[in-house]
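In: coords below, sequence missing:
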(Lines give C-alpha, C1' and ligand atoms only; values in the text may rest on other atoms or scores of the structure.)
Protein backbone atom coordinates (compact mmCIF):
# COMPACT_ATOMS: atom_id res chain seq x y z
CA UNK A 1 0.00 0.00 0.00
CA UNK A 2 1.22 3.50 -0.78
CA UNK A 3 1.64 5.71 2.25
CA UNK A 4 1.50 9.47 2.54
CA UNK A 5 4.66 11.33 3.52
CA UNK A 6 4.49 13.13 6.83
CA UNK A 7 2.37 12.74 9.94
CA UNK A 8 -0.83 14.14 11.39
CA UNK A 9 -4.16 14.87 9.78
CA UNK A 10 -2.72 15.70 6.36
CA UNK A 11 -1.10 12.25 6.21
CA UNK A 12 -4.36 10.42 6.99
CA UNK A 13 -5.67 8.86 3.77
CA UNK A 14 -9.29 9.39 4.83
CA UNK A 15 -8.61 13.11 5.22
CA UNK A 16 -7.51 13.16 1.59
CA UNK A 17 -10.66 11.27 0.60
CA UNK A 18 -12.77 13.85 2.47
CA UNK A 19 -11.15 16.81 0.72
CA UNK A 20 -11.34 15.15 -2.69
CA UNK A 21 -14.98 14.26 -2.10
CA UNK A 22 -15.75 17.91 -1.36
CA UNK A 23 -14.03 18.81 -4.65
CA UNK A 24 -16.09 16.20 -6.51
CA UNK A 25 -19.26 17.46 -4.84
CA UNK A 26 -18.46 21.02 -5.86
CA UNK A 27 -17.72 19.95 -9.43
CA UNK A 28 -21.14 18.34 -9.78
CA UNK A 29 -22.91 21.31 -8.25
CA UNK A 30 -21.25 23.51 -10.86
CA UNK A 31 -21.94 20.98 -13.60
CA UNK A 32 -25.57 20.18 -12.77
CA UNK A 33 -26.95 23.54 -11.59
CA UNK A 34 -28.19 23.96 -15.16
CA UNK A 35 -30.72 21.13 -14.66
CA UNK A 36 -33.24 23.08 -12.57
CA UNK A 37 -32.66 26.42 -14.29
CA UNK A 38 -33.91 25.17 -17.66
CA UNK A 39 -37.10 27.24 -17.58
CA UNK A 40 -35.65 30.70 -16.84
CA UNK A 41 -32.61 30.14 -19.07
CA UNK A 42 -34.84 29.13 -22.01
CA UNK A 43 -37.02 32.19 -21.45
CA UNK A 44 -34.13 34.62 -21.06
CA UNK A 45 -31.93 33.35 -23.91
CA UNK A 46 -34.78 32.13 -26.16
CA UNK A 47 -33.37 28.62 -26.75
CA UNK A 48 -34.89 25.16 -27.41
CA UNK A 49 -34.77 21.86 -25.50
CA UNK A 50 -32.18 20.61 -27.98
CA UNK A 51 -29.95 23.60 -27.20
CA UNK A 52 -30.42 22.98 -23.47
CA UNK A 53 -29.23 19.42 -24.09
CA UNK A 54 -26.16 20.75 -25.88
CA UNK A 55 -25.35 23.07 -22.95
CA UNK A 56 -25.80 20.25 -20.46
CA UNK A 57 -23.77 17.76 -22.50
CA UNK A 58 -21.65 18.56 -25.53
CA UNK A 59 -20.50 22.02 -24.37
CA UNK A 60 -19.16 20.56 -21.14
CA UNK A 61 -17.83 17.32 -22.60
CA UNK A 62 -15.68 18.80 -25.39
CA UNK A 63 -12.75 19.79 -23.17
CA UNK A 64 -13.69 17.50 -20.28
CA UNK A 65 -13.05 14.46 -22.45
CA UNK A 66 -10.36 15.58 -24.90
CA UNK A 67 -8.11 17.18 -22.25
CA UNK A 68 -8.36 14.12 -20.01
CA UNK A 69 -5.58 12.26 -21.85
CA UNK A 70 -2.84 14.92 -21.66
CA UNK A 71 -3.86 15.68 -18.08
CA UNK A 72 -3.75 11.95 -17.31
CA UNK A 73 -0.13 11.84 -18.49
CA UNK A 74 0.70 14.75 -16.19
CA UNK A 75 -1.02 12.88 -13.35
CA UNK A 76 1.24 9.86 -13.83
CA UNK A 77 4.40 11.99 -13.68
CA UNK A 78 3.82 15.11 -11.56
CA UNK A 79 2.22 16.29 -8.31
CA UNK A 80 -1.45 15.33 -8.42
CA UNK A 81 -2.53 17.64 -5.59
CA UNK A 82 -1.35 20.73 -7.47
CA UNK A 83 -3.07 19.60 -10.67
CA UNK A 84 -6.36 19.32 -8.78
CA UNK A 85 -5.97 22.76 -7.17
CA UNK A 86 -5.47 24.44 -10.55
CA UNK A 87 -8.48 22.59 -11.98
CA UNK A 88 -10.76 23.67 -9.11
CA UNK A 89 -9.86 27.34 -9.62
CA UNK A 90 -10.47 27.14 -13.37
CA UNK A 91 -13.89 25.45 -13.29
CA UNK A 92 -15.08 27.73 -10.47
CA UNK A 93 -14.17 30.89 -12.38
CA UNK A 94 -15.86 29.58 -15.54
CA UNK A 95 -19.03 28.68 -13.60
CA UNK A 96 -19.22 32.17 -12.13
CA UNK A 97 -18.66 33.64 -15.60
CA UNK A 98 -21.84 31.87 -16.82
CA UNK A 99 -23.74 34.54 -14.89
CA UNK A 100 -22.64 37.22 -17.35
CA UNK A 101 -23.42 35.50 -20.64
CA UNK A 102 -26.04 37.04 -22.93
CA UNK A 103 -26.38 34.42 -25.67
CA UNK A 104 -26.42 30.67 -26.27
CA UNK A 105 -22.95 30.87 -27.84
CA UNK A 106 -21.40 32.68 -24.88
CA UNK A 107 -22.95 30.27 -22.38
CA UNK A 108 -21.71 27.37 -24.52
CA UNK A 109 -18.14 28.71 -24.30
CA UNK A 110 -18.28 29.14 -20.52
CA UNK A 111 -19.57 25.59 -20.14
CA UNK A 112 -16.59 24.42 -22.20
CA UNK A 113 -14.33 26.16 -19.68
CA UNK A 114 -16.06 24.38 -16.80
CA UNK A 115 -15.33 21.08 -18.52
CA UNK A 116 -11.68 21.96 -19.01
CA UNK A 117 -11.19 22.63 -15.30
CA UNK A 118 -13.06 19.53 -14.17
CA UNK A 119 -10.98 17.31 -16.47
CA UNK A 120 -8.14 17.62 -13.93
CA UNK A 121 -10.01 16.12 -10.99
CA UNK A 122 -10.93 12.50 -11.61
CA UNK A 123 -7.65 11.09 -13.02
CA UNK A 124 -5.71 12.82 -10.23
CA UNK A 125 -8.09 11.92 -7.39
CA UNK A 126 -8.60 8.27 -8.35
CA UNK A 127 -4.83 7.80 -8.72
CA UNK A 128 -4.15 9.42 -5.31
CA UNK A 129 -6.78 7.28 -3.57
CA UNK A 130 -5.52 4.08 -5.24
CA UNK A 131 -2.03 4.82 -3.84
CA UNK A 132 -3.39 5.42 -0.33
CA UNK A 133 -5.39 2.22 0.33
CA UNK A 134 -4.90 -1.56 -0.06
CA UNK A 135 -6.98 -3.09 -2.86
CA UNK A 136 -9.32 -4.76 -0.31
CA UNK A 137 -10.39 -1.30 0.93
CA UNK A 138 -10.18 0.57 -2.35
CA UNK A 139 -13.85 0.06 -3.20
CA UNK A 140 -14.95 1.64 0.08
CA UNK A 141 -12.60 4.61 -0.34
CA UNK A 142 -13.61 5.23 -3.97
CA UNK A 143 -17.24 4.71 -2.99
CA UNK A 144 -16.99 7.52 -0.45
CA UNK A 145 -15.25 9.78 -2.98
CA UNK A 146 -17.79 8.99 -5.68
CA UNK A 147 -20.64 10.06 -3.41
CA UNK A 148 -19.67 13.56 -4.51
CA UNK A 149 -21.49 12.90 -7.80
CA UNK A 150 -24.84 12.57 -6.08
CA UNK A 151 -24.29 14.96 -3.18
CA UNK A 152 -23.31 17.65 -5.68
CA UNK A 153 -26.13 16.88 -8.08
CA UNK A 154 -28.65 16.79 -5.25
CA UNK A 155 -27.45 20.11 -3.83
CA UNK A 156 -27.62 21.60 -7.32
CA UNK A 157 -31.28 20.59 -7.50
CA UNK A 158 -31.99 22.02 -4.06
CA UNK A 159 -30.24 25.32 -4.79
CA UNK A 160 -31.72 25.52 -8.28
CA UNK A 161 -35.21 24.93 -6.96
CA UNK A 162 -34.89 27.72 -4.42
CA UNK A 163 -33.57 30.09 -7.08
CA UNK A 164 -36.37 29.34 -9.54
CA UNK A 165 -38.94 29.75 -6.74
CA UNK A 166 -37.40 33.12 -5.88
CA UNK A 167 -37.57 34.29 -9.49
CA UNK A 168 -41.37 34.41 -9.35
CA UNK A 169 -41.28 37.16 -6.74
CA UNK A 170 -37.81 38.55 -7.27
CA UNK A 171 -36.72 38.26 -10.90
CA UNK A 172 -33.57 40.29 -10.20
CA UNK A 173 -31.15 40.37 -7.27
CA UNK A 174 -28.76 43.18 -6.30
CA UNK A 175 -25.29 41.82 -5.61
CA UNK A 176 -22.27 43.68 -4.19
CA UNK A 177 -19.84 44.87 -6.90
CA UNK A 178 -22.10 43.38 -9.60
CA UNK A 179 -25.40 45.20 -9.28
CA UNK A 180 -28.79 43.92 -10.40
CA UNK A 181 -28.73 40.46 -12.08
CA UNK A 182 -31.40 37.91 -12.97
CA UNK A 183 -31.92 35.39 -10.18
CA UNK A 184 -30.83 32.44 -12.34
CA UNK A 185 -27.57 34.26 -13.06
CA UNK A 186 -26.99 34.75 -9.33
CA UNK A 187 -27.20 30.96 -8.92
CA UNK A 188 -24.08 30.51 -11.07
CA UNK A 189 -22.21 33.06 -8.95
CA UNK A 190 -23.40 31.41 -5.75
CA UNK A 191 -22.02 27.98 -6.68
CA UNK A 192 -18.91 29.19 -8.55
CA UNK A 193 -17.19 31.54 -6.11
CA UNK A 194 -16.67 29.07 -3.17
CA UNK A 195 -14.39 26.98 -5.37
CA UNK A 196 -11.54 29.46 -4.84
CA UNK A 197 -11.51 28.63 -1.12
CA UNK A 198 -11.77 24.90 -1.78
CA UNK A 199 -8.68 25.06 -4.02
CA UNK A 200 -6.69 26.42 -1.07
CA UNK A 201 -7.95 23.53 1.07
CA UNK A 202 -6.65 21.09 -1.55
CA UNK A 203 -3.13 22.44 -0.98
CA UNK A 204 -3.19 21.01 2.57
CA UNK A 205 -3.07 17.47 1.16
CA UNK A 206 0.09 15.38 1.00
CA UNK A 207 1.09 13.60 -2.19
CA UNK A 208 0.99 9.80 -1.51
CA UNK A 209 3.86 7.52 -2.54
CA UNK A 210 3.17 5.67 -5.78
CA UNK A 211 2.52 1.92 -5.54
CA UNK A 212 2.34 -1.02 -7.99
CA UNK A 213 4.75 0.71 -10.36
CA UNK A 214 6.60 -1.07 -13.15
CA UNK A 215 10.32 -1.27 -12.35
CA UNK A 216 13.55 -1.41 -14.32
CA UNK A 217 16.01 -4.30 -13.92
CA UNK A 218 17.88 -2.36 -11.22
CA UNK A 219 14.69 -1.98 -9.20
CA UNK A 220 14.11 1.72 -9.89
CA UNK A 221 10.71 2.93 -11.10
CA UNK A 222 10.39 2.96 -14.86
CA UNK A 223 9.19 6.02 -16.77
CA UNK A 224 7.01 4.94 -19.67
CA UNK A 225 6.87 6.64 -23.03
CA UNK A 226 3.52 7.26 -24.71
CA UNK A 227 4.15 4.23 -26.92
CA UNK A 228 4.89 2.02 -23.90
CA UNK A 229 1.80 3.34 -22.12
CA UNK A 230 -0.37 2.48 -25.12
CA UNK A 231 1.22 -0.99 -25.18
CA UNK A 232 0.30 -1.56 -21.51
CA UNK A 233 -3.30 -0.55 -22.20
CA UNK A 234 -3.44 -2.72 -25.33
CA UNK A 235 -2.35 -5.76 -23.31
CA UNK A 236 -5.58 -5.28 -21.37
CA UNK A 237 -7.68 -3.99 -24.27
CA UNK A 238 -10.82 -6.02 -23.65
CA UNK A 239 -10.93 -5.15 -19.94
CA UNK A 240 -10.26 -1.45 -20.54
CA UNK A 241 -12.64 -1.22 -23.48
CA UNK A 242 -15.34 -3.11 -21.59
CA UNK A 243 -15.09 -0.81 -18.58
CA UNK A 244 -15.06 2.27 -20.83
CA UNK A 245 -17.96 1.05 -22.99
CA UNK A 246 -20.08 0.02 -20.02
CA UNK A 247 -19.46 3.35 -18.32
CA UNK A 248 -20.38 5.15 -21.55
CA UNK A 249 -23.85 3.66 -21.45
CA UNK A 250 -24.10 4.16 -17.69
CA UNK A 251 -23.01 7.80 -18.04
CA UNK A 252 -25.63 8.26 -20.77
CA UNK A 253 -28.27 7.23 -18.25
CA UNK A 254 -26.86 9.26 -15.35
CA UNK A 255 -26.48 12.52 -17.26
CA UNK A 256 -29.86 12.19 -18.95
CA UNK A 257 -31.42 11.61 -15.54
CA UNK A 258 -29.62 14.51 -13.86
CA UNK A 259 -30.66 17.06 -16.48
CA UNK A 260 -34.25 15.96 -17.20
CA UNK A 261 -35.72 14.14 -14.16
CA UNK A 262 -36.71 17.36 -12.41
CA UNK A 263 -38.23 18.60 -15.66
CA UNK A 264 -40.45 15.48 -15.75
CA UNK A 265 -42.00 16.35 -12.39
CA UNK A 266 -42.56 19.94 -13.49
CA UNK A 267 -43.98 19.33 -16.97
CA UNK A 268 -45.79 15.98 -16.55
CA UNK A 269 -47.12 16.43 -13.03
CA UNK A 270 -47.17 20.23 -12.72
CA UNK A 271 -44.90 20.46 -9.69
CA UNK A 272 -43.48 23.81 -8.60
CA UNK A 273 -39.73 24.29 -8.87
CA UNK A 274 -39.22 24.52 -5.10
CA UNK A 275 -41.05 21.24 -4.42
CA UNK A 276 -39.24 19.57 -7.30
CA UNK A 277 -35.82 20.70 -6.08
CA UNK A 278 -36.53 19.56 -2.51
CA UNK A 279 -37.80 16.10 -3.47
CA UNK A 280 -35.29 15.42 -6.24
CA UNK A 281 -32.39 16.87 -4.25
CA UNK A 282 -33.08 14.63 -1.26
CA UNK A 283 -33.78 11.65 -3.53
CA UNK A 284 -30.53 12.04 -5.48
CA UNK A 285 -28.37 12.57 -2.37
CA UNK A 286 -29.92 9.68 -0.42
CA UNK A 287 -30.21 7.18 -3.28
CA UNK A 288 -26.85 8.09 -4.81
CA UNK A 289 -24.88 7.82 -1.57
CA UNK A 290 -26.62 4.54 -0.73
CA UNK A 291 -25.77 3.15 -4.16
CA UNK A 292 -22.12 4.24 -3.86
CA UNK A 293 -21.84 2.61 -0.44
CA UNK A 294 -23.47 -0.64 -1.58
CA UNK A 295 -21.39 -0.78 -4.76
CA UNK A 296 -18.08 -0.24 -2.97
CA UNK A 297 -18.92 -2.57 -0.07
CA UNK A 298 -20.18 -5.37 -2.30
CA UNK A 299 -17.18 -5.18 -4.64
CA UNK A 300 -14.75 -5.31 -1.67
CA UNK A 301 -16.68 -8.21 -0.14
CA UNK A 302 -16.54 -10.27 -3.33
CA UNK A 303 -12.84 -9.49 -3.78
CA UNK A 304 -12.07 -10.69 -0.25
CA UNK A 305 -14.04 -13.86 -1.04
CA UNK A 306 -11.67 -14.55 -3.95
CA UNK A 307 -13.81 -13.31 -6.83
CA UNK A 308 -11.32 -11.41 -8.97
CA UNK A 309 -14.12 -9.92 -11.07
CA UNK A 310 -16.09 -8.75 -8.04
CA UNK A 311 -16.11 -5.11 -9.11
CA UNK A 312 -17.37 -5.88 -12.61
CA UNK A 313 -19.92 -8.30 -11.20
CA UNK A 314 -21.40 -5.34 -9.28
CA UNK A 315 -21.54 -3.33 -12.51
CA UNK A 316 -23.32 -6.09 -14.47
CA UNK A 317 -25.97 -6.74 -11.84
CA UNK A 318 -26.73 -3.10 -11.04
CA UNK A 319 -26.92 -2.02 -14.69
CA UNK A 320 -29.31 -4.89 -15.40
CA UNK A 321 -31.45 -3.87 -12.45
CA UNK A 322 -31.50 -0.31 -13.77
CA UNK A 323 -32.82 -1.50 -17.13
CA UNK A 324 -35.69 -3.30 -15.38
CA UNK A 325 -36.54 -0.32 -13.16
CA UNK A 326 -36.67 2.16 -16.03
CA UNK A 327 -38.74 -0.19 -18.14
CA UNK A 328 -41.26 -0.10 -15.29
CA UNK A 329 -41.02 3.71 -15.34
CA UNK A 330 -41.95 3.74 -19.02
CA UNK A 331 -45.02 1.61 -18.29
CA UNK A 332 -46.21 3.52 -15.21
CA UNK A 333 -45.90 7.15 -16.35
CA UNK A 334 -49.00 8.98 -15.18
CA UNK A 335 -48.57 7.92 -11.55
CA UNK A 336 -46.37 10.38 -9.68
CA UNK A 337 -45.82 7.89 -6.82
CA UNK A 338 -44.57 5.22 -9.25
CA UNK A 339 -42.36 7.74 -11.03
CA UNK A 340 -40.69 8.90 -7.80
CA UNK A 341 -40.21 5.27 -6.66
CA UNK A 342 -38.55 4.40 -9.98
CA UNK A 343 -36.40 7.50 -9.74
CA UNK A 344 -35.24 6.56 -6.23
CA UNK A 345 -34.36 2.92 -6.90
CA UNK A 346 -32.98 3.90 -10.29
CA UNK A 347 -30.54 6.35 -8.69
CA UNK A 348 -29.32 3.61 -6.32
CA UNK A 349 -28.48 1.15 -9.07
CA UNK A 350 -27.11 3.83 -11.44
CA UNK A 351 -24.62 4.83 -8.72
CA UNK A 352 -23.25 1.33 -8.13
CA UNK A 353 -21.35 0.75 -11.42
CA UNK A 354 -19.51 4.07 -11.15
CA UNK A 355 -17.51 3.22 -8.04
CA UNK A 356 -17.03 -0.44 -8.98
CA UNK A 357 -15.72 0.49 -12.43
CA UNK A 358 -13.20 2.99 -11.04
CA UNK A 359 -11.96 0.37 -8.57
CA UNK A 360 -11.81 -2.29 -11.29
CA UNK A 361 -9.64 -0.14 -13.55
CA UNK A 362 -7.09 0.59 -10.82
CA UNK A 363 -6.65 -3.09 -9.96
CA UNK A 364 -5.46 -4.13 -13.43
CA UNK A 365 -3.22 -1.17 -14.36
CA UNK A 366 0.39 -0.55 -13.25
CA UNK A 367 0.95 2.77 -11.48
CA UNK A 368 2.61 4.52 -14.42
CA UNK A 369 -0.55 4.25 -16.51
CA UNK A 370 -3.30 4.60 -13.89
CA UNK A 371 -3.94 8.28 -14.51
CA UNK A 372 -3.83 7.84 -18.27
CA UNK A 373 -5.96 4.69 -18.04
CA UNK A 374 -8.65 6.49 -16.06
CA UNK A 375 -8.39 9.45 -18.46
CA UNK A 376 -8.90 7.14 -21.45
CA UNK A 377 -11.87 5.44 -19.82
CA UNK A 378 -13.37 8.84 -18.97
CA UNK A 379 -12.65 10.07 -22.49
CA UNK A 380 -14.71 7.27 -24.00
CA UNK A 381 -17.39 7.27 -21.30
CA UNK A 382 -17.95 11.00 -21.11
CA UNK A 383 -17.58 11.76 -24.81
CA UNK A 384 -20.46 9.37 -25.35
CA UNK A 385 -22.41 9.71 -22.11
CA UNK A 386 -22.16 13.47 -21.66
CA UNK A 387 -22.90 14.13 -25.30
CA UNK A 388 -25.76 11.66 -25.80
CA UNK A 389 -27.34 11.50 -22.35
CA UNK A 390 -28.50 15.11 -21.90
CA UNK A 391 -29.22 15.49 -25.64
CA UNK A 392 -31.29 12.39 -26.47
CA UNK A 393 -34.41 13.16 -24.39
CA UNK A 394 -34.53 16.68 -25.83
CA UNK A 395 -34.15 15.36 -29.38
CA UNK A 396 -36.91 12.77 -28.83
CA UNK A 397 -39.14 15.57 -27.53
CA UNK A 398 -38.44 17.95 -30.41
CA UNK A 399 -38.21 15.57 -33.37
CA UNK A 400 -40.05 12.33 -32.48
CA UNK A 401 -42.93 13.23 -30.17
CA UNK A 402 -43.11 16.94 -31.13
CA UNK A 403 -44.28 17.69 -27.60
CA UNK A 404 -42.24 19.04 -24.70
CA UNK A 405 -44.69 17.37 -22.30
CA UNK A 406 -43.57 13.97 -23.63
CA UNK A 407 -40.34 14.34 -21.63
CA UNK A 408 -41.36 11.45 -19.35
CA UNK A 409 -41.46 8.99 -22.25
CA UNK A 410 -38.32 10.44 -23.79
CA UNK A 411 -36.35 10.10 -20.56
CA UNK A 412 -37.65 6.60 -19.74
CA UNK A 413 -36.72 5.31 -23.22
CA UNK A 414 -33.22 6.78 -22.91
CA UNK A 415 -32.67 5.27 -19.46
CA UNK A 416 -33.98 1.81 -20.33
CA UNK A 417 -31.87 1.41 -23.46
CA UNK A 418 -28.66 2.82 -21.98
CA UNK A 419 -28.63 0.79 -18.75
CA UNK A 420 -29.48 -2.39 -20.64
CA UNK A 421 -26.58 -1.81 -23.03
CA UNK A 422 -24.27 -1.13 -20.06
CA UNK A 423 -25.11 -4.50 -18.49
CA UNK A 424 -24.30 -6.36 -21.72
CA UNK A 425 -20.95 -4.58 -22.23
CA UNK A 426 -19.79 -5.06 -18.63
CA UNK A 427 -20.67 -8.77 -18.89
CA UNK A 428 -18.66 -9.09 -22.13
CA UNK A 429 -15.51 -7.79 -20.37
CA UNK A 430 -15.61 -10.06 -17.32
CA UNK A 431 -13.63 -13.10 -18.59
CA UNK A 432 -10.71 -10.99 -19.81
CA UNK A 433 -10.82 -8.88 -16.66
CA UNK A 434 -10.36 -11.94 -14.42
CA UNK A 435 -7.21 -12.90 -16.35
CA UNK A 436 -5.80 -9.35 -16.28
CA UNK A 437 -6.42 -9.04 -12.55
CA UNK A 438 -4.54 -12.29 -11.90
CA UNK A 439 -1.46 -11.07 -13.81
CA UNK A 440 -1.01 -7.91 -11.72
CA UNK A 441 -2.28 -9.38 -8.42
CA UNK A 442 -0.95 -12.98 -8.28
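Out: Yep, it's here. Keep in mind the model is a prediction, meaning the values are calculated, not measured.
In: Which neighbouring elements make contact with the strand or helix carrying residue 186?
Out: Following DSSP states H and E, one finds residue 186 within helix 183-192. In terms of contacts (3 or more C-beta pairs under 8 Å, 6 or more residues apart in numbering; DSSP states H and E), helix 183-192 is packed against helix 13-32, helix 38-45, helix 80-97, helix 135-169, strand 172-175. Quick note: C-beta positions are derived from backbone N, CA and C, even for glycine.
In: Same list, those, but as JSON lines with distance to residue 70, mean pLDDT and mean neighbour count please.
Out: Listed next are these as JSON lines, based on distance: least, C-beta to C-beta, whole Å; pLDDT from 0 to 100; neighbours: other C-beta atoms under 10 Å:
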{"stretch": "helix 13-32", "distance to residue 70": "19", "mean pLDDT": "85", "mean neighbour count": "23"}
{"stretch": "helix 38-45", "distance to residue 70": "32", "mean pLDDT": "82", "mean neighbour count": "18"}
{"stretch": "helix 80-97", "distance to residue 70": "11", "mean pLDDT": "92", "mean neighbour count": "22"}
{"stretch": "helix 135-169", "distance to residue 70": "23", "mean pLDDT": "74", "mean neighbour count": "23"}
{"stretch": "strand 172-175", "distance to residue 70": "37", "mean pLDDT": "68", "mean neighbour count": "14"}
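In: so what's the most centrally placed residue in the chain closest to, chain neighbours aside?
Out: In the chain, the centroid-proximal residue (C-alpha atoms, centre = their mean) is residue 149; its distance is 5.3 Å. Excluding its sequence neighbours, the residue lying closest to residue 149 (C-beta to C-beta, 6 or more residues apart in numbering) is residue 28, at 5.4 Å.
In: surely the one you found meets residue 156?
Out: Yes - if you go by C-beta atoms under 8 Å, residue 28 and residue 156 touch, sitting 6.8 Å apart.
In: hang on, the earlier thing: and the angle from the helix holding residue 186 to helix 13-32?
Out: 160 degrees (axes from the mean of the first three to the mean of the last three C-alpha atoms, to 10 degrees).
In: tell me the angle helix 183-192 makes with helix 80-97.
Out: 170 degrees.
In: starting at the chain centroid, how far to helix 183-192?
Out: Mean-position distance between helix 183-192 and its chain equals 21 Å (C-alpha atoms, centre = their mean, to the nearest Å).
In: Show me what the next helix-or-strand element following that helix packs onto, helices and strands only.
Out: Next helix or strand after helix 183-192 toward the C-terminus (DSSP H and E): helix 195-202. When contacts are defined as 3+ C-beta pairs under 8 Å, 6+ apart, helix 195-202 packs onto helix 13-32, helix 80-97.
In: can I get the ones you listed in TSV with distance to residue 434?
Out: Formatted as TSV, those follow (distance: least, C-beta to C-beta, whole Å):
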stretch	distance to residue 434
helix 13-32	28
helix 80-97	29
